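> Give me the fold of what follows.
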Amino acid sequence: MAEPPILSLEGIGLQQGGRWLFGDPASGSGMDLHIGPRDRLALIGRNGVGKTTLFRTIMGEIEPDRGQRKVKPHAAIVLLDQEPDFSGHATLMDFALAGERPPAEHAVESIAGQLGIDMTTEAATASGGERRRAAIARALALEPDLLLMDEPTNHLDLGAIDWLESWLDRYKGAFIAISHDRTFLKRLTRATLWLDRGALRRKEVGFGGYEAWEEQVYAEEARAAEKLDARLKIEAHWLERGVTARRKRNMGRLEKLWDMRAARAAMINPAGTAKLSLKSDEEFKSKSVIVAEEISKTYGERQVIKPFSLRIQRGDRIGIVGANGAGKTTLLKMLTKEIEPDSGSVTHARTLSGVSIDQQRALMEPGKTVRQVLAEGGDWIDVRGTRKHVQAYLKDFLFDPSLVDAKIGTFSGGERSRLLLAREFARVSNLLVLDEPTNDLDLETLDLLQEVIADYEGTVLIVSHDRDFLDRTVTVTLGLDGSGKVDVVAGGYEDWMARRRTASQPQAGKAEGESARHASSAPPPPPSPPSSKLSYKDQRDYELLPARIEELEVLIAKGESALADPDLYTADNARFERISKSLELAREEKDAAEERWLDLAERVEG
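Numbering: from 1, shown residues only. So this is what the prediction gives:
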C-alpha cells in the first residue's frame, strides 16, 4: 500500500491583519495540503501572499483559526529559515546544537566540513554566507523526514549551491522549497504548490512546467470572467495578466539578447581579452564607457586578480560570477573605480553616471509611506527624466496602486526590495551596478527586473550567483575561478561553464563566445550525424533514444495528471499506488536514457 502522508493540513483558515490570508469562510472552504514521504515540492507565490506563514503553520509555530494539522507519529519536520536567529549564540556551533532536539555534533561537523565552514566562528561576526552554511549544516544533520527550505541558496556561492543540490538529489525524505533560483527548482522539484489569493493549488509537475500551468489557469479565469461580464473581476487581474504578457515580451527580448551576444562574441579573442578587429577599432573605442588595461589586485601573498584587460561598451550587460572569495566584489570595485588596482589603469567615459544597488541594502524607514519613498510625499515622480504619476509607476513594479500611502513597515522583505528597485531605477543614470540583486525577490519580480534591465539604455554590471538570471540577462560574463584569472565569455553562466568544461578537456581551444545560445533559453541545436567511432549498439541508442525519451515524457505527463486528482488516494488506493510506482519507474528510465544519450552525444561531438 502507498505510505500515508507525513503531514496534512485540512480545511485551514488563517486570519492576519484583519483579513483571511488562507481559506475563504464566506464559501466555507479552507486550505488543504497533503505531503507524501518522498514529495519534492516547489512552493510558488508572490511576495506577501503567505509562503513563509504557510511554512510556520506546517511547523506548528502558528495555530490556524480554522481546520486542523495532522502529523505522522515521530516524523521530524525541520525548517531552514530564510533569516535564522543567531542572537544569544556565541559560535556557529552553539547555534547548530541549540534546541530541544539538537543534532549530533559529529554530523554537524561532517556537513560543515563539506560546505567549507568553520563552526567555531563567532556568530556575531559571521558573514551572511557563513550563517547560511551553518544553518544548512544544522538542518541537514537533524535528518528530517520533511525539510522546509525558505530561500536556501541566498548568500551561497556556486560551489555551495552545487553541493546542496547534490545532497538533495540523494535525499530520501520529502522537501518543500521556496526559492527565486529557477535553476535550483528546475533541477530538483517534481511537483508544484502555487499559493495565490488565499488558495493553494497543486500540480504534479516540477517547476519547469509551472509557468505554462500558471498561464493556463489565468487564461481560464479570464475566460470565465468575460463570460460573466465581470469587468471588476477582470480589472482585479491586471497583475496576473500583466505577468503573462511580460513573459511573451521577454521572449522577444531574449532574441535581442542572443543577437547582442553574437555581436559581442566577435569582439572577444580566444585569449579572453575584449578587443575588436582593426577595421572597426575606432568605432569600438568611441563606444567604450569603461576601459580596464592590465589591471591586477593582490591582498597579502594572494593575487586576487591577475593582469586583465577589458573594454566595456555602452549598452553592455556584464555579469561577474565565481565562488565567494574569488574576487568578484574586488573586480567590480576596480571597474567602478571605488578601489585602485595595484597595476594597470581604469578609465571611465566623461559622461558616465552610475547608480549602485549593493547586496547590503539597508531597509527603508518602516514609518515612511510608499509615496514618501518614491515621490517625496507628492503625486508625481521623475522616472529618468520623464514625469509620471506615482500610482501608475507603482503598477509598473507589480504593486497595487492603492498601496501608495501604505507604511513600509507593513511590507515583506521582498516587497521592500522591489520598492527599492523602483526608486533606484527612476534615477537618471547610464551605468547600473547590481550586487546580488535577486536576493529576497519573488519570481515575478525577477521577470520584471529582467525586463527593466533589458530596456535600460545604459550599461549594467551585475554580480550574482543566480544562474538562470545571468543566462537571461547578460551579454558578457566575467568568470573567476579563484586562481586570479578572469575568463571573458560572450553569454551567460552556462556559456562560462561550457568554456570551463572545454578547457578541462584535451581537445580544448575553441574560440570564446562560439556558442551564445544555450539550453536554458533556446532550443538545442540538432545532433551531429553519428560518428563512426560508435559501436553498432551505441549508434542505435544514439538514434533511437530521443524518441524513447519523448514517449516516456508522455507517460510521465499522463501519470502526473492522474495523480493530480486529490480524491484518488482515498477513493482508489490501489490505483494510486500502481500509478505512483509506474511514474517512479518511468522517471528513472527517462533519467537513465537522458544520461546515456548525453554521454553518446559528447562522444559524437568530441
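> Can you get me a residue count around the spatially closest residue to residue 3 that is not a sequence neighbour?
Of all residues not flanking residue 3 in the chain, residue 37 sits nearest, at 4.9 Å (C-beta to C-beta, 6 or more residues apart in numbering). (Each C-beta comes from the backbone N, C-alpha and C, glycine too.) Neighbourhood size, residue 37 [other C-beta atoms under 10 Å]: 16.
> My assumption is that residue 37 lies in a helix; please confirm.
No: under the criterion used here (DSSP: H, G, I helix; E, B strand; the rest coil), residue 37 is coil, not part of a helix.
> Let me see the ranges of the strands in the stretch 151-300 of the chain.
Assigned by DSSP state E, counting those that start in this stretch, the strands in the stretch 151-300 of the chain fall at 174-178, 191-196, 199-203, 288-299.
> Show me the one of the ones you listed that comes nearest residue 549.
Evaluated over these, closeness to residue 549 peaks at strand 191-196, with 20.6 Å, by C-beta to C-beta.
> For residue 520, give me the pLDDT.
Residue 520 is assigned 36 on the pLDDT scale.
> no no, residue 230
pLDDT, residue 230: 44.
> Check the gap between the most centrally placed residue in the chain and residue 467 for me.
By C-alpha atoms, centre = their mean, the chain has its centre lying nearest to residue 181, at 1.7 Å. Distance of residue 181 to residue 467, given as C-beta to C-beta, to the nearest Å: 8 Å.
> Got the domain ranges for the chain?
7-208, 237-353+429-524, 363-428, 536-605 (automatic domain parsing).
> Relative to residue 221, which of these is closest?
For residue 221, the closest of the domains of the chain is domain 237-353+429-524, at 6.8 Å, according to C-beta to C-beta.
> Pull the contacting residues for residue 142.
Counting by C-beta atoms under 8 Å, 6 or more residues apart in numbering, residue 142 touches 76, 78, 101, 103.
> what about the first one, how many residues close to it?
The reference is to residue 76. Around residue 76 there are 14 residues (other C-beta under 10 Å).
> hang on, it packs against residue 141?
No: judged on C-beta atoms under 8 Å, residue 76 makes no contact with residue 141 at a distance of 11.3 Å.
> quick revisit: and the closest residue to the residue nearest to the centre of the chain other than its chain neighbours, how far from residue 482?
Spatially, and ignoring its direct neighbours in sequence, residue 181 is nearest to residue 153 (4.7 Å; C-beta to C-beta, 6+ apart). Going from residue 153 to residue 482 by C-beta to C-beta gives 19 Å.
> Compare these two and say which is more crowded by neighbours.
A count of neighbours by other C-beta under 10 Å puts residue 153 above the other of residue 153 and residue 482, at 25 against 15.
> The more buried one: what's it in contact with?
By C-beta under 8 Å, 6+ apart, the contact list for residue 153 reads 161, 164, 179, 181, 184, 465.
> Phi, psi for it please.
phi -90, psi 0 (degrees, to the nearest 10).
> Residue 349 versus the nearest residue to residue 313 once chain neighbours are set aside, what's the distance?
Excluding the flanking residues, the one nearest residue 313 by C-beta to C-beta, 6+ apart is residue 287, at 4.7 Å. Using C-beta to C-beta, one gets 9 Å for the distance from residue 287 to residue 349.
> Equivalent analysis for residue 83, please.
For residue 83 relative to residue 349 (C-beta to C-beta), the value is 40 Å.
> cool, and residue 191?
Counting by C-beta to C-beta, the gap from residue 191 to residue 349 is 50 Å.
> More neighbours: the two, which one.
The neighbour comparison of residue 191 against residue 349 (other C-beta under 10 Å) goes to residue 191, with 21 against 17.
> so that one touches residue 208, yeah?
No: in this structure, residue 191 is not within contact of residue 208 by C-beta under 8 Å, at 11.5 Å.
> Low-confidence regions, the stretch 351-500 of the chain specifically.
357-364 (pLDDT under 70).
> what are the ranges of the helices in it?
With helices called from DSSP state H, counting those that start in this stretch, the stretch 351-500 of the chain shows them at 370-375, 390-396, 413-425, 443-455, 467-473, 493-503.
> Turn the ones you listed into TSV, including mean neighbour count.
As requested, these are exported to TSV (neighbours: other C-beta atoms under 10 Å):
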stretch	mean neighbour count
helix 370-375	21
helix 390-396	18
helix 413-425	21
helix 443-455	19
helix 467-473	25
helix 493-503	19
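> For the stretch 301-450 of the chain, which segments count as strands?
Under DSSP E, counting those that start in this stretch, the stretch 301-450 of the chain gives strands at 302-313, 317-322, 343-348, 354-357, 380-383, 386-389, 431-435.
> Let me see the ranges of the helices in the stretch 201-350 of the chain.
Secondary structure of the stretch 201-350 of the chain by DSSP H, counting those that start in this stretch: the helices cover 210-227, 231-236, 238-265, 281-286, 328-335.
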